[in-house]
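Undergrad: A predicted structure for the sequence below; I have some questions about it.
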Amino acid sequence: MKRLALSALVAACALLGTMPPAYAHTELVAGDPADGASLTGPPTTLTLTFTDPVPAESAIVTVTAPDGTRWRTGEITASGATLTVPVAPDAAPPGRYALAWQVVGLDGHYVDGATTFTLTGPTAVPPTPALAPGTPTTAPEGTSTPPTAPASAAPTSAAPTSAASTATTTGPELSTFSGFATAAPTTGGTGGGSGPSAWVWITSALLLLVAGVVVAVLLKRRRPDGTPPGGTPPNGTPPNGTG
């Protein structure tokens, strides 16, 4: 009995020794602004440092102002376990701000969290930094932005040109806002394409059909011994009934 118990204990230890190590969940260890920090002016760059390296392409970082609006963010970059996020606030009223983040840890699980910081200084906004291409230039979804009225009404005769110009200038902004790159529809012709007409395809199909029928008839008329119609067998012996 003792030997059986000892064998079971040794087997259990060996099994535990061969098991892969379990990854701990990735955690935030530092940030700038730090959690609970008080600032006299809005920052232009955020940094988040985690316990493990995190991929930048799957990271999401948002900053929500006291009035519920969100700051614009640029392209997130990663250097080891640190993420760097450029931000461009449209307004920075004094108050408490929420910095929320979501990343993918080494174990493949999504990890999220949030910190806060407070702006105590004036509401002056620093110059907007140049954000990476593809960064939304409008407020994220969930915030309402009133439409801007046109400066002046265009004459009736110039309406088509004005509409086309408006579609050209506002189209990319709407595509960028939604986060997807969409191309404006290309104006097609009036129906007269430059490709071959339908009768060309019909004629080609009929010619192929006729050629197929001719080949099928010729193959069917060949004799079983391979002798063509009216010909002599391959061995030179005339067919039965002749010679």
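TA: Structure's in. What do you need?
Undergrad: distance of Ala205 from Val217?
TA: Ala205 is 19 Å from Val217, where distance means CB to CB, to the nearest Å. Any C-beta I mention is one placed from the backbone N, CA and C, and that applies to glycine too.
Undergrad: Export the lengthiest helix in the chain to CSV, keeping only CA atoms.
TA: Longest helix of the chain, by residue count under DSSP state H: helix 198-221. Taking C-alpha atoms only, helix 198-221 is exported to CSV below (Å, rounded to 0.1, in the frame of the first residue of the first chain):
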residue,chain,number,x,y,z
ALA,A,198,-23.0,40.9,-77.3
TRP,A,199,-23.2,39.6,-80.9
VAL,A,200,-19.5,38.9,-80.9
TRP,A,201,-19.8,36.6,-77.9
ILE,A,202,-22.9,34.9,-79.5
THR,A,203,-21.1,34.3,-82.8
SER,A,204,-18.1,32.8,-81.0
ALA,A,205,-20.2,30.5,-79.0
LEU,A,206,-22.0,29.3,-82.2
LEU,A,207,-18.7,28.6,-83.9
LEU,A,208,-17.5,26.6,-81.0
LEU,A,209,-20.7,24.6,-80.9
VAL,A,210,-20.5,23.8,-84.7
ALA,A,211,-16.9,22.7,-84.3
GLY,A,212,-17.8,20.4,-81.5
VAL,A,213,-20.6,18.8,-83.5
VAL,A,214,-18.2,18.1,-86.4
VAL,A,215,-15.6,16.5,-84.2
ALA,A,216,-18.2,14.3,-82.5
VAL,A,217,-19.5,13.1,-85.9
LEU,A,218,-16.1,12.2,-87.2
LEU,A,219,-15.2,10.3,-84.0
LYS,A,220,-18.5,8.4,-84.2
ARG,A,221,-17.9,7.3,-87.8
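Undergrad: Name the SS class of the nearest residue to Ala56 once chain neighbours are set aside, please.
TA: Of all residues not flanking Ala56 in the chain, Ala78 sits nearest, at 3.8 Å (CB to CB, 6 or more residues apart in numbering). Of the three states, Ala78 takes strand according to DSSP: H, G, I helix; E, B strand; the rest coil.
Undergrad: Which pLDDT value goes with Ala78?
TA: On pLDDT, Ala78 comes in at 94.
Undergrad: swap in Ile60?
TA: Model confidence at Ile60 (pLDDT) stands at 96.
Undergrad: what about it, how many neighbours?
TA: Counted with other CB atoms under 10 Å, the neighbours of Ile60 add up to 13.
Undergrad: and it, what does it touch?
TA: 101-103 (CB atoms under 8 Å, 6 or more residues apart in numbering).
Undergrad: May I see the ChimeraX selection of the buried members of the residues you listed?
TA: The following ChimeraX line selects those of these that are buried, judged by 16 or more other CB atoms under 10 Å:
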select :101,103
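Undergrad: will you turn the contacts of Ile60 into CSV that also has distance to Thr49, secondary structure and pLDDT?
TA: As requested, these are exported to CSV (distance: CB to CB, whole Å; DSSP: H, G, I helix; E, B strand; the rest coil; pLDDT from 0 to 100):
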residue, distance to Thr49, secondary structure, pLDDT
Trp101, 11, strand, 96
Gln102, 16, strand, 96
Val103, 11, strand, 95
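Undergrad: Lowest mean pLDDT among the helices and strands, pick that one out for the protein.
TA: Counting by mean pLDDT, DSSP states H and E, the weakest-scoring helix or strand in the chain turns out to be helix 159-178, with a mean of 38.
Undergrad: where does the protein have low pLDDT?
TA: Scanning the chain for pLDDT under 70 picks out the ranges 1-24, 122-198, 200, 221-243.
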